[in-house]
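Novice: Here you go, sequence then predicted model.
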Amino acid sequence: MHPKALSPGAGPTRTRVLVIDDDPSTLRLLRSMLEGQGYECLTAASGAEGLRVIKSTPGILVAISDINMPGMDGIVFQKIMCSHVPPSCAPRVIFLTAHARVEFAVAALRQGAIDFLIKPVRPQELLSAVKSAVERVQRDRVALQLPNQAATLAQQAEALAAALRGWTHSQPEEPTPGVGRRNARTSARGVTRPADLALLGMDHLRRSRRAFAPLAELDDVAWDLLLELLRAEMSLQRLSVSALSISVEYVSPTTALRRIQELVKAGHIVRNPDPLDARRDFVSLASESRAALERYLEHVAKELTAAVTAVQ
């Protein structure tokens, strides 16, 4: 129960885990397992108490919850938590139950649970699940910073557009007589109009994608599919193949399905069969492709920031 090997939970700041169960003996047992591996373990005797602990205690990465509890069961606890706690603060849930019912597993996974374990759980099985969950939470929370950066960039882009509009209104509207068509689209200072700048910027960003292997040769449809998948993963959502196929509005589902198959074959997307429904596959980004997309977004962020700074 108390291995001496240094674990992922050990260190100057211990990883915080919450255990929720109405059985005191189970709480003591799980707490012993987790603290023996260096985790900081909090406990709650009900789903309602678990919600209060999460709201009042920052830094909880994983919640291990029983499903069958009086009052608020584990499924309801997770649903309320996901609707009231921001994704950047919400722990990922591992469910424990003594009743291995398929409908429980389906409901848990559809609500976003990260694992589903059967009592009595073996120590190594639990600790392995917690370690994987902690690693997933840490990756997801880093990824969640990108939407916040995107919101800031959107504000900066609006400032850039406003600055360009104001600059345009201060410039002569009519081209100089005798100037060719290309020059007629530039200002007296030789600077392109806002619409031209936007087109040039779009072309530049599209060309710059070529620098981000292994995605360099993909076309716009493939890029949009991968970006939609990245957006879902940042929001802690799981997309099925069919859901991804309807995520890009300008592409028919049939075409999108074919392109998804091509991306899977090329190793950019990984298909994960749903163990509870043989008719459904989930999809996720391959690690190398995800890293390339994140590097590209960082590049775009720097380009936009530099553009805004230049006109301020």
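Specialist: Received the coordinates, thanks. Fair warning: this is a prediction, and the values are worked out from it, not measured in the lab.
Novice: which other residues reach stretch 38-52?
Specialist: The contact list for stretch 38-52 (Cβ atoms under 8 Å, 6 or more residues apart in numbering) reads 6-11, 14-22, 24, 27, 30-31, 34-35, 53, 57, 60, 63, 65, 69-74, 76-77, 80-81, 84, 130. Just so you know, the C-beta spots here come from the backbone N, C-alpha and C atoms, and that holds for glycine as well.
Novice: Try it again at 7 Å.
Specialist: If you take Cβ atoms under 7 Å, 6 or more residues apart in numbering as the criterion, stretch 38-52 is touched by 7, 9-10, 14-20, 22, 27, 31, 34-35, 53, 57, 60, 63, 65, 69, 71-74, 76-77, 80-81.
Novice: for the residue lying closest to S245 once chain neighbours are set aside, what are its contacts?
Specialist: With Cβ to Cβ, 6 or more residues apart in numbering as the measure, A256 is the residue that lies nearest to S245, at 4.1 Å, once sequence neighbours are left out. By Cβ under 7 Å, 6+ apart, the contact set of A256 is L225, S245, V248.
Novice: Which ones among the contacts of stretch 38-52 lie within helices?
Specialist: Under the assignment DSSP state H, those contribute L27, R31, L34, E35, V53, G74, V76, F77, I80, M81 to helices.
Novice: Buried members of those residues into ChimeraX, please.
Specialist: Buried residues among these (16 or more other Cβ atoms under 10 Å), as a ChimeraX selection:
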select :27,31,34,35,53,74,77,81
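Novice: my guess is G267 contacts A286, does it?
Specialist: Yes - judged on Cβ atoms under 7 Å, G267 makes contact with A286 at a distance of 5.7 Å.
Novice: Of these two, which one has the most company?
Specialist: Remark: of G267 and A286, A286 carries more neighbours, 17 against 11, as counted by other Cβ atoms under 10 Å.
Novice: what pLDDT does that one get?
Specialist: pLDDT for A286: 91.
Novice: tell me the phi and psi of it?
Specialist: phi -60, psi 150 (degrees, to the nearest 10).
Novice: tell me the contacts of it?
Specialist: With Cβ under 7 Å, 6+ apart, A286 has these contacts: G267, H268, I269, V270.
Novice: where does S284 land in three-state SS?
Specialist: strand (DSSP: H, G, I helix; E, B strand; the rest coil).
Novice: Phi, psi for the closest residue in space to it that isn't next to it in sequence please.
Specialist: Leaving aside its chain neighbours, S284 sits nearest to V270 (5.1 Å; criterion: Cβ to Cβ, 6+ apart). V270 adopts backbone torsions of phi -110, psi 130, taken as degrees, to the nearest 10.
Novice: Between the two ends of stretch 16-33, how far is it?
Specialist: Length of stretch 16-33, first residue to last, Cα to Cα, to the nearest Å: 13 Å.
Novice: try stretch 58-75
Specialist: 22 Å.
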